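Trainee: sharing a sequence plus its predicted fold:
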Amino acid sequence: MTKLSVNINKIATIRNARGGNIPNIVKAAKDIEAFGADGITVHPRPDERHITKKDVFDLASVITTEFNIEGYPDKRFMDLVKEIRPAQATLVPDPPNVITSNAGWNTKEKCAFLQDIIGQLKEWGIRTSLFVDTNKTNIEYAQKTNVDRIELYTGPFAKHFLVKKEKAIIPYREAAILANELGLGINAGHDLDLNNLAFFKENIPELLEVSIGHALISDALYLGLENAVQLYKRAL
């Protein structure tokens with residue numbers, strides 16, 4: 001079964017808007033696990049506009065499922081994951097000022113850089129994943145970096161799903177087939193929601209994990225957090 005990792009950045013955004021510790025990030029993560037999620041994802045950015053460095057350490061001591069830390073692999077990020085040793089590090093090519101991850105790596109151009117980073121992460125016993133689009137060259141060069149998995153950037157799929165879902169899924173299915181042939185595990189994330197998740201899952205062979213935050217936390221405002229987590233699990 002495809003695993004659901006819940007990105008809790010948006011919960012931290014709500015807390016930071018007011019200060020203090022409401023909602024409590026650690027309690028939210030533990031509850032999400034209890035409600036059936038298979039993992040917790042965070043993306044600590046340099047400006048700490050949502051998840052903070054302290055949050056990452058607080059979460060690391062209580063998470064009992066898989067902990068996935070996303071980020072651009074600068075010294076700050078590498079020092080953090082070296083100390084935390086999460087189950088997975090997902091590398092994204094984001095500059096510090098972007099609102100959200102909105103593009104995958106150019107793995108051909110950054111191959112040597114990523115090889116060095118991934119080699120170090122593997123020495124620390126951390127599973128590695130690269131955020132990529134469906135461009136076949138980027139998937140082929142992802143394999144050359146020795147990464148364990150790719151995370152397919154599903155923003156374009158979600159955008160075109162409402163227009164013609166059968167056409168929107170084609171490049172993702174082809175990318176997944178290629179990744180499987182190259183021995184890469186497949187994760188996915190960005191704008192997956194209760195409308196498009198089941199269709200995506202049904203059409204992507206060997207989908208190991210999805211990371212979902214914004215849509216799930218938004219749905220929880222209406223459905224409640226427990227119901228939202230379980231509905232996303234059901235869609236998988």
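Mentor: Done, it's in.

Trainee: just want the most central residue of the protein.
Mentor: Ser211 (4.1 Å; Cα atoms, centre = their mean).

Trainee: helix, strand, or coil at that one?
Mentor: strand (DSSP: H, G, I helix; E, B strand; the rest coil).

Trainee: excluding its backbone neighbours, what's nearest it?
Mentor: Gly189 (3.8 Å; Cβ to Cβ, 6 or more residues apart in numbering). Every C-beta, even on glycine, is put in place using the N, C-alpha and C of the backbone.

Trainee: next, Lys165: phi, psi?
Mentor: Taking degrees, to the nearest 10, you get phi -60, psi -30 for the backbone angles of Lys165.

Trainee: try Glu70
Mentor: Torsion angles at Glu70 (phi, psi; degrees, to the nearest 10) stand at phi -100, psi 150.

Trainee: thinking again about what came up before, for the residue nearest to Ser211, list the residues it contacts.
Mentor: Gly189 makes contacts with 7, 151-154, 210-212, as judged by Cβ atoms under 8 Å, 6 or more residues apart in numbering.

Trainee: weed out the non-buried ones from those.
Mentor: 7, 151-154, 210-212 (16 or more other Cβ atoms under 10 Å).

Trainee: tell me how many other residues surround Phe161.
Mentor: Phe161 has 21 neighbouring residues, counting by other Cβ atoms under 10 Å.

Trainee: for it, report the pLDDT, please.
Mentor: pLDDT for Phe161: 97.

Trainee: cool, and Ser101?
Mentor: On pLDDT, Ser101 comes in at 58.

Trainee: and Pro96, by the same measure?
Mentor: Looking at Pro96, its pLDDT reads 61.

Trainee: can you give me the buried ones in stretch 161-171?
Mentor: 161, 168-169, 171.

Trainee: what does that stretch rub up against?
Mentor: Residues contacting stretch 161-171 (Cβ under 8 Å, 6+ apart): 134, 156-157, 159-160, 195-196, 199-200, 203-204.

Trainee: if I pick Gln68, what's in contact with it?
Mentor: Residue 68: Asn, not Gln. Counting by Cβ under 8 Å, 6+ apart, Asn68 touches 5, 39-42, 86-90, 129, 211.

Trainee: next one: Pro86
Mentor: By Cβ under 8 Å, 6+ apart, the neighbours of Pro86 are 60, 66-69, 126.

Trainee: and those, which of them are in strands?
Mentor: 66-69 (DSSP state E).

Trainee: show me where the protein has its helices.
Mentor: Secondary structure of the chain (DSSP state H): helices located at 9-18, 25-34, 53-60, 75-84, 111-123, 136-144, 155-168, 170-181, 197-203, 214-223, 225-235.
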